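> test case, fold it:
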Amino acid sequence: MSHIGSLSAHAEQGDLLWWFGHFKETPKQIFLIHGEKGATEALKKKVGDTYDCAVTATELDKVYKL
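Numbers count the residues shown, from 1 in each chain. Next up, the predicted model:
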């Protein structure tokens, strides 16, 4: 298991896709926790289409069971 302390909140979609593509193993689940709804949904679709993993665009005050 890995933990990332922080990333820039201003990364572009291409930068994030590049970053996801360099994992040694594809994560089973990715949670998108920041961004405007339209941009987050677009990134969710792009990540889901590009990598074989589940992607969740989180909602404020919703609890997610891991």
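> I'd say Leu16 and Thr40 touch.
No. If you go by CB atoms under 8 Å, Leu16 and Thr40 don't touch, sitting 11.0 Å apart. From N, CA and C alone the C-beta is placed, and that goes for glycine too.
> next, the buried residues of the helix-or-strand element of the chain with minimal mean pLDDT.
Least confident helix or strand of the chain, by mean pLDDT, DSSP states H and E, is helix 13-20 with a mean of 86. Neighbour-count burial for helix 13-20 flags 16, 20 (criterion: 16 or more other CB atoms under 10 Å).
> so where do the helices sit in this structure?
Counting by DSSP state H, the chain has helices at residues 13-20, 37-50.
> which stretches of the protein have low pLDDT?
1-11 (pLDDT under 70).
> try it again at 90.
1-23, 25-28, 33-40, 48-53, 65-66 (pLDDT under 90).
> now Gly48. Nearest residue, chain neighbours left out?
Nearest residue to Gly48, sequence neighbours excluded (CB to CB, 6 or more residues apart in numbering): Val55, at 4.7 Å.
> OK, contacts around the one you found?
Val55 sits next to 29-32, 44, 47-48 when contact means CB atoms under 8 Å, 6 or more residues apart in numbering.
> which residues are contacting stretch 12-25?
7, 11, 30, 39, 42-43, 46-47, 50-51.
> and those as a markdown table, adding neighbour count and distance to Gly21?
Output for the contacts of stretch 12-25, formatted as a markdown table (neighbours: other CB atoms under 10 Å; distance: CB to CB, whole Å):
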| residue | neighbour count | distance to Gly21 |
| --- | --- | --- |
| Leu7 | 11 | 15 |
| Ala11 | 15 | 13 |
| Ile30 | 20 | 12 |
| Ala39 | 13 | 19 |
| Ala42 | 14 | 17 |
| Leu43 | 21 | 14 |
| Lys46 | 16 | 12 |
| Val47 | 19 | 10 |
| Thr50 | 12 | 8 |
| Tyr51 | 16 | 8 |
